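Novice: here is a sequence with its predicted model. Questions after.
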Amino acid sequence: MRKFNRPQKWVHPKDRIVRWKIFEGDLVKVIAGKAKNEVGKVKSIDKLSNRLWIENVNMGRMTVPKLNPSKINPENQDKTGGWWLASVLKPIHVSNVMHVHPDDTDDEKRAVRSEWKKVDIDGNGTMRWRRVIAGTKIIIPFPQKPKEREREKSSFDTSAEIARELTWDINLDPPLPPGVIDELRTPHKGWRYNAQHKNRPFI
């Protein structure tokens with residue numbers, strides 16, 4: 001399944017959503033449109049057009065340029081170029097989707113309206129902004145962050161032992177410009193060179 005970067009509808013900045021309640025990885029349900037009542041995970045969002053893509057929901061076909069099959073299969077040397085229909089994901093406006101109740105099972109998926117609300121999580125009076133079901137205190141958990149791919153090791157990488165090794169020493173002995181010690185002592189006031197201070201002692 002491929003996702004092609006076709007230009008989306010432009011939305012005026014004043015109409016764009018400032019604080020999104022739906023993130024990538026959330027389980028949502030479509031409440032309107034051709035894909036109504038379908039449930040899936042949010043694959044990606046586009047904050048410039050207020051649209052999002054849901055995995056295996058609102059599938060469509062789009063005409064795309066066909067690759068040269070001779071680069072893939074040497075038997076098809078005569079077939080070069082052309083156009084074909086590819087299965088792609090089509091975006092859905094954010095107003096047509098709602099969160100799924102976090103306590104629902106696989107048999108029933110209820111669409112619920114969510115809102116941002118300050119909730120006391122630890123019970124110590126510390127309030128934190130969380131997504132909750134509108135009118136209740138049921139928290140909608142944040143989706144798990146995807147694991148970062150481990151970077152491939154290279155022969156040019158510096159080992160951790162060499163990187164931690166201290167190869168230089170801080171030395172505050174003269175000669176130093178006048179006022180450097182004062183600048184280090186008072187980080188909120190930078191030192192400026194003044195002819196009156198040219199003979200000022202270092203300490």
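Specialist: Nice, I can see it.

Novice: Met127 pairs with what?
Specialist: Asp120 (DSSP bridges).

Novice: sec struct for Val132, please.
Specialist: strand (DSSP: H, G, I helix; E, B strand; the rest coil).

Novice: give me the element Ile162 is part of.
Specialist: Using DSSP states H and E, Ile162 sits in helix 160-164.

Novice: ranges for the helices of the chain?
Specialist: 160-164, 180-185 (DSSP state H).

Novice: just to revisit the earlier point, show me what the helix holding Ile162 is packed up against.
Specialist: Contact here means 3 or more C-beta pairs under 8 Å, 6 or more residues apart in numbering; DSSP states H and E; on that basis helix 160-164 packs against no helix or strand. In this view, the C-beta of every residue, glycine as well, is placed from N, C-alpha and C.

Novice: give me the contact list for that helix.
Specialist: Around helix 160-164, nothing counts as a contact under C-beta atoms under 8 Å, 6 or more residues apart in numbering.

Novice: check stretch 120-130 too.
Specialist: Trp116, Lys117, Lys118, Val119, Ile139, Ile140.

Novice: alpha carbons of the helix holding Ile162, in CSV - could you do that?
Specialist: Output of helix 160-164 as CSV, limited to C-alpha atoms (Å, rounded to 0.1, in the frame of the first residue of the first chain):
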residue,chain,number,x,y,z
ALA,A,160,32.1,5.9,24.1
GLU,A,161,35.4,5.6,26.0
ILE,A,162,37.3,8.0,23.8
ALA,A,163,34.3,10.4,23.7
ARG,A,164,34.3,10.5,27.6
